[in-house]
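[1] coordinates for the following, if possible.
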Amino acid sequence: MRKEIGYCGNHCEYCFFTECGGCKSKNPSDSYANLFDGKKCPNAVCCKKKNINGCWQCDKVTTCNIGFFSSGENDAKAYALYIKKYGAEKYTKTILSLIHKEYDYPKQFKEINDTEKILEIFEREG
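    Next up, the predicted model:
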């Protein structure tokens, strides 16, 4: 089964948490959700409440500070903004292209941890 893109924008298919089914799976035991009461990621809760497939479909994503977007890890925000601008299919193709060029997704982007720099890399590659 192919994994989806998480509500925040992290692409579950290429994540280093191999045991996690992702936040959209029947068993959403993703590592981030485990930090919260009820093991529910605030991004997932918000998207479900708004009946959207991901944060990129929200008009407030640019300024959002919910869940992952307030964690200090800025890669997910960059992914959500990229998907908002170019779509999920292009996002997936860009990740595959970056992996092919030996970028370590998502680890390397977590280390960069700068929304604008990550967007620049994705836009240059996409």
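[2] where in this structure is pLDDT low?
    For the chain, the stretches with pLDDT under 70 are 1-2, 27-31.
[3] this protein: helices as residue ranges?
    In the chain, the helices defined using DSSP state H lie at 42-50, 75-86, 88-100, 107-112, 115-125.
[4] how far away is Thr92 from Asp37?
    For Thr92, the distance to Asp37 equals 32 Å [Cβ to Cβ, to the nearest Å]. C-beta: built from backbone N, CA, C; applies to glycine.
[5] what do you get for Cys64?
    21 Å.
[6] more neighbours, those two?
    Neighbour count, other Cβ atoms under 10 Å: between Cys64 and Asp37, Cys64 has more, with 18 against 5.
[7] the more buried one is in contact with Gly54, isn't it?
    No. Checked against Cβ atoms under 8 Å, the pair Cys64 and Gly54 is beyond contact range at 11.7 Å.
[8] which residues are in contact with each of these two?
    With Cβ atoms under 8 Å, 6 or more residues apart in numbering applied, the contact sets of Cys64 and Gly54 do not overlap.
[9] got the buried residues for stretch 117-126?
    For stretch 117-126, a neighbour-count test (16 or more other Cβ atoms under 10 Å) marks Ile118, Leu119, Ile121, Phe122 as buried.
[10] touching, the third one and Ser97? I think so.
    This means Ile121. No. The criterion here is Cβ under 8 Å, and Ile121 misses it with Ser97 at 10.7 Å.
[11] still on that earlier bit, ranking the helices of the chain by burial, who's on top?
    helix 75-86 (a mean of 22; mean count of other Cβ atoms under 10 Å).
[12] and the closest residue to Lys93 other than its chain neighbours, how far from Cys41?
    Nearest non-adjacent residue to Lys93, counting by Cβ to Cβ, 6 or more residues apart in numbering: Gly126, 7.3 Å away. Separation of Gly126 from Cys41 (Cβ to Cβ) stands at 26 Å.
[13] do the same with Cys8
    7 Å.
[14] looking at these two, which one has more neighbours?
    Cys8 (30 against 23).
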